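**Student:** coords please:
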Amino acid sequence: MIRLEPMKAAEFDSLIEQSIAEYAEEQARSGNWTREEAPDKAAQSFKGLLPNGLDTDGQHVLRIANSDGQTVGTLWYMERQESAVPSVFVCELRILTPFRRRGYATAAMRALEEHVRKEHAAKRIILHVFAHNDAARALYNSLDYQETNVTMAKTLD
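**Tutor:** Numbers count the residues shown, from 1 in each chain. Okay, the predicted model is just below:
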């Protein structure tokens with residue numbers, strides 16, 4: 001149904017712009033950053049994680065292609081060297097709007113499992129989901145991901 005393929009530089013440039021904007025919005029919506037500071041902080045985060053873009057060691061940005069070869073989304077993960085168990089951390093899973101609700105996210109995560117077992121001998125996949133992202137939480141719950149940490153906050157008037 002899908003293939004995970006290396007991303008090309010032109011695709012990466014447009015992905016990063018969109019990813020930074022969306023990450024800034026998620027952080028602001030979660031109350032972690034103000035709307036004013038969020039764009040700069042998000043850009044700094046991405047620059048810190050991907051200082052050499054696609055050539056950053058330990059970072060893997062993949063294109064998700066359907067059986068017709070169309071790009072239906074992207075998947076970015078990084079190797080976790082500090083973990084006692086060989087692990088990877090999913091930084092971003094993005095399915096393009098016209099392809100959502102067709103099973104591509106589920107297929108991509110299943111393909112990722114095989115990919116990281118083979119390429120990195122990984123025994124664990126870790127990821128973060130914002131609490132307000134019900135669709136993502138439902139996806140990962142359906143794939144048997146377990147909550148390992150819960151951060152809670154209360155906004156005071």
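
**Student:** closest to the centroid, which residue in the chain?
**Tutor:** Nearest to the centroid of the C-alpha atoms of the chain, with distances taken as C-alpha atoms, centre = their mean, sits Glu92, at 1.0 Å.

**Student:** surely that residue forms part of a strand?
**Tutor:** Yes: counting by DSSP: H, G, I helix; E, B strand; the rest coil, Glu92 is located in a strand.

**Student:** for the chain, which segments count as strands?
**Tutor:** Counting by DSSP state E, one finds strands in the chain at the ranges 2-6, 59-66, 71-80, 87-95, 124-127.

**Student:** would you mind giving those as a markdown table with distance to Glu113 added?
**Tutor:** In short, each C-beta sits where N, CA and C put it, glycine included. What follows is the strands of the chain, written out as a markdown table (distance: least, C-beta to C-beta, whole Å):
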| stretch | distance to Glu113 |
| --- | --- |
| strand 2-6 | 11 |
| strand 59-66 | 13 |
| strand 71-80 | 11 |
| strand 87-95 | 10 |
| strand 124-127 | 7 |
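
**Student:** still on that earlier bit, how far away is the closest residue to the residue nearest to the centre of the chain other than its chain neighbours from Gly31?
**Tutor:** The shortest distance from Glu92 to any residue that is not its chain neighbour, by C-beta to C-beta, 6 or more residues apart in numbering, is 4.4 Å, and that residue is Trp76. Trp76 sits at a distance of 24 Å from Gly31 (criterion: C-beta to C-beta, to the nearest Å).
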